[in-house]
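# generate a structure from the sequence data that follows.
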Amino acid sequence: MGSKKVKKDKKERNKKSGVHSLNRQFTLVLVALVVMTVFLGVFFNTMFLEPYYVWNKERILTDSFEKIDAASADGTLESGEFDIEFEQLCANGNLRMIIINADSTVVLSSENNNKTMVLHFMEALFSGSGDEGGMSIIKEGENYVIQKQYDNRTNSEYLVMWGTLSDGKLVMARTALKSIRDTSSLTNRFLLVTGLIVLAISALAAGIVTRRITNPILQLTEISKRMTELDFEAKYSVSDKKRKNEIDLLGEHMNELSGKLEQTISELKSANNELLLDNARKTQIDEMRKEFLSNVSHELKTPLALIQGYAEGLQECINDDEESRMFYCEVIMDEADKMNRMVKQLLTLNHLEFGNEAVVMERFDLTELIAGVINASSILIQQNGISIDFDAGAPLYVWADEFKTEEVITNFLSNAIHYADGEKRIAITCEIKTDCVRVNVFNTGKPIAEEDLDKVWIKFYKADKARTREYGGSGIGLSIVKAIMDSFNRQCGVYNCEGGVVFWMELDTKN
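Residues are numbered from 1 along each chain as shown. As a prediction, this is how the structure comes out:
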């Protein structure tokens, strides 16, 4: 049922698009050629077989007369040496022939009943010519005449020759023409019957052969259609690599073209993103530089003050015991580590905002990438007692910078792990839209205040400062996410829902 439906759908598509089946056209052409061949065979057989047969018989009669006349001239006709050749002339030419002297005695004869033969030939000799006499001369030589004779007694037509040899003997021969008409009629019937059989076989063979030719062409058509939709996964497969034909070579070239187009589109998309970002960068650079310096100064002020204070305490030996000195050193190291991590994040963010990091747009499997990020964070998930839901089903291909996309997913998942509360559950889902896919990362816990939803993307902004300090966050991670998504020219966002918070992002599925 499924294959019938596919064929029906294909026929309807071809009908709507005005496409005519190559299989059907080839079959119709072959059938037409067979019909034309049979028709021409019947036509030429009817029109030209009898004239050709008569002409051939004329030649046989003429050649026979000349051989007999030569034998008569050299004296071998009555010596018995010519008997075998005479029989061969009669048998091979299907002739009834008699040679008689001037006194009506028979010299040689192909029949036992010589009297009947003589009467027939005498009738041809003395009945006259023309349609009235049943005779018509069709060829007249120097010593012989060839006529058509209609025999009313047998209702048959004959080709009759009579002539005089050089020694005065009379030669008479005749051959029936009815057989050629019967042969012509029989041949026409045979041609019609065999033509019908050949027609059926040709139609079946044409269907099989053209299907072997058109199936690869249909495969190439489907591949080209998918290529127009920027789907480069479809490849032409050669059934027999040892016996390649021109269509197989075309298929291999289509595969090469598909790969080069995908690479070219990837490069063009990367270049297009760069052009779109150039104008925005020029107007934002000065403002970003000022904002960056202000935020860095603010964020570094507290850890620097702590480091300076505890370092001075160590220098002045405020506490002489070992435990106090170790505590002071740990505080200094912790604050220095926080500053180091913050500086690295700031550098990353700075490169993104200033466009110093090139965005390489490529096509990759988003499902596989998310599964990899979850696997890398499995230890942290277990330590926090969190359950995570993600359906790693069929591949889902998108266009983006794979490395930066992984950084976005990692930030979303890390944020969800640190803020998961209550059931401590995280759910990652992919929602397919018309030209993009939306990735949703949900975690149970307290909702974000409505006035803070639009501010979580701002550098150094902390909606829950106490919780952020608890796990050592700097408030830069979501800013990096926003900068990456802006470099993709795609959207990201956050909203509260029942039982928790959802962070989302969108990626292209088409060029």
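
# could you use CA atoms for every contact and neighbour count after this?
Will do.

# which helix or strand contains residue 495?
Element membership of residue 495, judged by DSSP states H and E, is strand 492-497.

# helices and strands around that strand, which ones?
strand 500-508 (3 or more Cα pairs under 8 Å, 6 or more residues apart in numbering; DSSP states H and E).

# the strand it packs on to strand 492-497, inter-axis angle?
Angle of strand 500-508 versus strand 492-497, following axes from the mean of the first three to the mean of the last three Cα atoms, to 10 degrees, is 150 degrees.

# mean confidence for strand 500-508?
Here strand 500-508 scores 94 as its mean pLDDT.

# so which elements touch it?
Packed against strand 500-508 by the contact rule (3+ Cα pairs under 8 Å, 6+ apart) you find strand 397-400, strand 436-444, strand 492-497.

# for the shortest one, buried residues please.
Residues of strand 397-400 classed as buried: 397, 398, 399, 400 (neighbour count, 16 or more other Cα atoms under 10 Å).

# for the record, mean pLDDT for that strand?
Mean pLDDT, computed over strand 397-400, is 93.

# please apply the same query to the longest one.
The average pLDDT for strand 436-444 rounds to 95.

# do stretch 36-43 as well
For stretch 36-43, mean pLDDT rounds to 81.

# list the buried residues in that stretch.
By neighbour count with 16+ other Cα under 10 Å, stretch 36-43 contains the buried residues 38, 39, 41, 42.

# and what of stretch 496-507?
Across stretch 496-507, burial judged by 16+ other Cα under 10 Å covers 496, 500, 501, 502, 503, 504, 505, 506, 507.

# can I assume residue 389 sits in a strand?
Yes. The assignment for residue 389 by DSSP: H, G, I helix; E, B strand; the rest coil puts it in a strand.

# and of the buried residues of stretch 36-43, the nearest to residue 245?
When those are compared for distance to residue 245 (Cα to Cα), residue 38 wins out at 32.8 Å.

# which element is the closest one on?
With DSSP H and E as the test, residue 38 turns up in helix 22-73.

# re earlier: columns distance to residue 322 on top of the buried residues of stretch 496-507, output as TSV?
TSV is the format used below for the buried residues of stretch 496-507 (distance: Cα to Cα, whole Å):
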residue	distance to residue 322
496	49
500	46
501	46
502	48
503	47
504	50
505	51
506	54
507	55
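
# widest-spaced pair of the residues you listed?
500 and 507 (23.5 Å).

# please enumerate the strands of the chain.
Secondary structure of the chain (DSSP state E): strands at 96-100, 106-109, 135-140, 144-151, 156-164, 170-176, 362-365, 387-390, 397-400, 425-432, 436-444, 492-497, 500-508.

# how far out from the middle of the chain is the first one?
Its chain's C-alpha centre and that of strand 96-100 lie 76 Å apart, by Cα atoms, centre = their mean, to the nearest Å.

# likewise the second one?
Using Cα atoms, centre = their mean, we find the averaged C-alpha position of strand 106-109 to lie 80 Å away from the chain's own average C-alpha position.

# now swap in stretch 372-386 and tell me
In terms of Cα atoms, centre = their mean, the gap separating the centre of stretch 372-386 from the centre of its chain is 45 Å.

# end to end on that stretch, go ahead and measure it.
17 Å (Cα to Cα, to the nearest Å).

# who touches that stretch?
For stretch 372-386, contacts defined as Cα atoms under 8 Å, 6 or more residues apart in numbering pick out 387, 406, 409, 410, 413, 417, 420, 424, 425, 426.

# PyMOL command to pick out the buried ones of these?
Buried members of these, defined by 16+ other Cα under 10 Å, are picked up in PyMOL with:
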select buried, resi 406+409+410+413+417+420+424+425+426
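
# for residue 78, state which of the contacts of stretch 372-386 is nearest.
residue 406 (116.6 Å).

# residues in contact with that closest one?
Residue 406 touches 369, 370, 373, counting by Cα under 8 Å, 6+ apart.

# if we use 6 Å, what do you get?
For residue 406, the contact set (Cα atoms under 6 Å, 6 or more residues apart in numbering) is empty.

# where do the helices sit along the stretch 151-300 of the chain?
Using DSSP state H, counting those that start in this stretch, the helices of the stretch 151-300 of the chain run over 178-228, 246-315.

# among those helices, show the one with the smallest mean pLDDT.
Across the helices of the stretch 151-300 of the chain, helix 246-315 has the smallest mean pLDDT, namely a mean of 72.

# find the nearest non-adjacent residue to residue 391, please.
The shortest distance from residue 391 to any non-neighbouring residue, by Cα to Cα, 6 or more residues apart in numbering, is to residue 429 (7.4 Å).

# quick one: which of the buried residues of stretch 496-507 is nearest residue 221?
For the buried residues of stretch 496-507, the nearest to residue 221 is residue 507 (29.1 Å; Cα to Cα).

# contacts only, for that closest one.
By Cα under 6 Å, 6+ apart, the contact set of residue 507 is 436, 437.

# distance check, it against residue 393.
The gap separating residue 507 from residue 393 is 18 Å, by Cα to Cα.

# go on, residue 33?
55 Å.

# who's more crowded, these two?
Between residue 33 and residue 393, residue 33 has the larger neighbour count (other Cα atoms under 10 Å), namely 14 against 8.

# distance of the more buried one from residue 197?
Residue 33 is 14 Å from residue 197, where distance means Cα to Cα.

# for residue 453, same thing?
82 Å.

# report how many residues lie close to residue 136.
19.

# quick check: beta-bridge partners of it?
Counting by DSSP bridges, residue 136 forms beta bridges with residue 148.

# that one contacts residue 148, correct?
Yes. Using Cα atoms under 6 Å, residue 136 is in contact with residue 148, at 5.2 Å.

# tell me, what's touching the two both at once?
By Cα under 6 Å, 6+ apart, no residue touches both residue 136 and residue 148.

# for the stretch 1-150 of the chain, which spans come out with low pLDDT?
Residue ranges of the stretch 1-150 of the chain with pLDDT under 70: 1-23, 116-117, 120-135.

# could you report the neighbour count for residue 58?
19.

# kindly report the same for residue 450.
10.

# identify the residue nearest residue 195 in space, chain neighbours excluded?
Using Cα to Cα, 6+ apart, the nearest residue to residue 195 is residue 38, at 5.8 Å.

# apologies, that question was intended for residue 60.
Distance criterion Cα to Cα, 6+ apart; nearest residue to residue 60, sequence neighbours excluded, is residue 93 at 6.5 Å.

# and that neighbour, how far is that from residue 138?
18 Å.
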